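Colleague: Need coordinates for the following:
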Amino acid sequence: KRFAWLRRWLRNYASLYAGIMPEEWQVPKLVCEEFCQRTRRHLGVVLSKSSKDLDVRLLLHVMQRTQELETELNTKFAPTGAAAAALLLHAAESSSHRPAPAHGG
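Modeller: Next up, the predicted model:
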């Protein structure tokens with residue numbers, strides 16, 4: 001139900017408000033980010049309360065649906081052009097500043 005609500009909200013926003021709100025505000029992206037953060041927190045609470053009673057099949061089904069939504073959102077909000085290049089550069093710089101793993105021996 002939660003994912004269906006988000007998809008419905010995105011469709012409604014596109015048809016009713018996309019032409020009104022400035023595109024640079026990135027309203028759909030911000031709503032999706034907040035949605036994902038709240039969903040993650042809620043899922044953590046649910047899993048911690050019912051970790052002993054988990055139905056593996058249900059958990060796998062939910063994980064599959066979650067992955068489908070993640071792919072959909074990544075496609076919809078994937079950065080392009082200069083923004084994508086800047087993210088790749090930032091990621092490369094971040095990984096080069098990490099200390100090397102310690103080797104025991």
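Colleague: what about the helices in the chain?
Modeller: 2-16, 27-49, 56-77, 81-96 (DSSP state H).
Colleague: how about those in JSON lines, adding mean pLDDT?
Modeller: Formatted as JSON lines, the helices of the chain follow (pLDDT from 0 to 100):
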{"stretch": "helix 2-16", "mean pLDDT": "92"}
{"stretch": "helix 27-49", "mean pLDDT": "87"}
{"stretch": "helix 56-77", "mean pLDDT": "86"}
{"stretch": "helix 81-96", "mean pLDDT": "67"}
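Colleague: With mean neighbour count as added columns, please give the ones you listed in TSV.
Modeller: C-betas here are computed from N, CA, C, even on glycine. Formatted as TSV, those follow (neighbours: other CB atoms under 10 Å):
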stretch	mean neighbour count
helix 2-16	12
helix 27-49	12
helix 56-77	11
helix 81-96	10
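Colleague: Could you tell me the phi and psi values at residue 26?
Modeller: Per-residue torsions, residue 26: phi 50, psi 50 (degrees, to the nearest 10).
Colleague: Distance of it relative to residue 19?
Modeller: 15 Å (CB to CB, to the nearest Å).
Colleague: Over to residue 78?
Modeller: 23 Å.
Colleague: Local confidence estimate at residue 17?
Modeller: Looking at residue 17, its pLDDT stands at 90.
Colleague: got it, and the one 5 residues further on?
Modeller: If you check residue 22, the pLDDT there is 91.
Colleague: Now it: phi and psi?
Modeller: phi -60, psi 130.
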